[in-house]
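> okay, here's the prediction I keep looking at, along with the sequence it came from:
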Amino acid sequence: MQQAPLYLAASTGVNFGWGVVCHYLRQELEKLYSDVRPIDEGMPQVVNGSVLQIFTDNDFSPLHNLRGSKNLGYAVFENELTATAIQRSRQYDCILAASSWCLNKLRCNGINNGDLLIQGVDQERFFPLPTKPDNGQFVIFSGGKFELRKGQDLVLRAFRILQQKYRDMVLVNCWYNSWPDSISLFRFSKYIDWQVSGNDWQEFMRNIYNKNGQDSSRIITHDLIDNQNLKNLYSMTDIGVFPNRCEGAPTSC
């Protein structure tokens, strides 16, 4: 019996979280369904088949308005759910939560049509590698877009202390952030001095380091990096630091 099509309302891209998540969702769904279709703006509002929507916020705003004979939602959120989200949840056959925390929040809000779908790891791309060669440096890696929620202010405060105590400490980061509004939330941090200045990402970050007493010559700042190239970067570091204040889903690789 031929399967009804599955329509996937997903983001595209390999340089930001949602793009990577949706890439792997599509990849795994294509192993289970013979007919997985993208959604475009020219489609009718209602289709014969299942629709998997990505929710873009804690209001459960769908990425597209397409409806199907069966409707699923995928929820990643860090803030408390709104009344709008609770109301919208009733329009879906199932809400898939990206973490056990999110699933618990669904249930606490009376949303009982939820289930768990945790992001996995692409083991063909990410797997244990030989230990980094000893070059006399201890290299710390920190990732995630530069914003208060990801906790890079804590990394910088701790690394300043490590720099002063140990001469072999190096920080490598992938903190590029295209959203100025989320960057500006560092104004609420009590751990770093915050001032926005610089004509590009490298200058902007270098000014942050200098303002906060960092030796910027021992900090390597990367611009936007393709997810496919991260493995090689990880292999040249000794430890990863991710002091997120809140994270709605485990990191996908």
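Looks like it came in fine.
> from here on, contacts and neighbour counts on C-alpha atoms
Will do.
> OK, contacts around Asp215?
Arg160, Gln163, Tyr209 (CA atoms under 8 Å, 6 or more residues apart in numbering).
> and the helix or strand hosting Glu28, what other elements does it pack with?
Assigned by DSSP states H and E, Glu28 falls within helix 17-32. The contact analysis (3 or more CA pairs under 8 Å, 6 or more residues apart in numbering; DSSP states H and E) places helix 17-32 against strand 36-38.
> for the strand it packs on, which strands pair with it and how are they oriented?
Note on strand 36-38: by DSSP bridges, its sheet partners are strand 6-9 (parallel).
> and the strand it pairs with, what's buried?
Leu6, Tyr7, Leu8, Ala9 (16 or more other CA atoms under 10 Å).
> ok, now stretch 151-170?
Gly151, Gln152, Asp153, Leu154, Val155, Leu156, Phe159, Arg160, Gln163, Met169, Val170.
> coming back round to it: show me the contacts of Asp215 that map onto strands.
Among these, no member falls in strands (criterion: DSSP state E).
> turn those into CSV, columns for pLDDT and distance to Lys190.
As requested, those are exported to CSV (pLDDT from 0 to 100; distance: CA to CA, whole Å):
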residue, pLDDT, distance to Lys190
Arg160, 96, 15
Gln163, 95, 20
Tyr209, 96, 16
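> got JSON lines for the residues you listed, with distance to Pro180 too?
Shown next, in JSON lines, are these (distance: CA to CA, whole Å):
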{"residue": "Arg160", "distance to Pro180": "25"}
{"residue": "Gln163", "distance to Pro180": "28"}
{"residue": "Tyr209", "distance to Pro180": "18"}
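> looking at these, which one is closest to Ser184?
Tyr209 (15.8 Å; CA to CA).
> what sits against that closest one?
Shown in contact with Tyr209 (CA under 8 Å, 6+ apart): Leu156, Asp215, Ser216.
> apply 6 Å and report the result again.
Ser216 (CA atoms under 6 Å, 6 or more residues apart in numbering).
> what about it, distance to Arg157?
Taking CA to CA, to the nearest Å as the measure, Tyr209 falls 10 Å from Arg157.
> once you drop chain neighbours, what's closest to Ile118?
Ala98 (4.9 Å; CA to CA, 6 or more residues apart in numbering).
> looking at it, that neighbour is touching Ala249, isn't it?
Yes - here Ala98 reaches Ala249: they are 5.1 Å apart, a contact under CA atoms under 6 Å.
> now the common contact residues for those two.
By CA under 6 Å, 6+ apart, Ala98 and Ala249 have no common neighbours.
> in this protein, what residue spans correspond to helices?
17-32, 83-89, 100-108, 152-165, 180-183, 201-211, 230-234 (DSSP state H).
> how much space between Cys102 and Asn112?
Distance from Cys102 to Asn112, by CA to CA: 12 Å.
> okay, these two: which has more neighbours?
Cys102 (25 against 15; other CA atoms under 10 Å).
> and that one, what pLDDT?
We have a pLDDT of 92 for Cys102.
> lowest-pLDDT helix or strand in this protein?
helix 17-32 (a mean of 79; mean pLDDT, DSSP states H and E).
> can you show me the CA trace of that one as CSV?
Taking C-alpha atoms only, helix 17-32 is exported to CSV below (Å, rounded to 0.1, in the frame of the first residue of the first chain):
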residue,chain,number,x,y,z
GLY,A,17,20.8,25.5,14.7
TRP,A,18,17.4,25.2,13.1
GLY,A,19,18.9,24.6,9.6
VAL,A,20,21.0,21.7,10.9
VAL,A,21,18.1,20.2,12.9
CYS,A,22,15.8,20.3,9.9
HIS,A,23,18.5,18.8,7.7
TYR,A,24,18.8,15.8,9.9
LEU,A,25,15.0,15.5,10.4
ARG,A,26,14.6,15.4,6.6
GLN,A,27,17.4,12.9,6.3
GLU,A,28,16.0,10.5,8.8
LEU,A,29,12.4,10.8,7.7
GLU,A,30,13.4,9.9,4.2
LYS,A,31,14.6,6.6,5.6
LEU,A,32,11.1,5.9,7.0
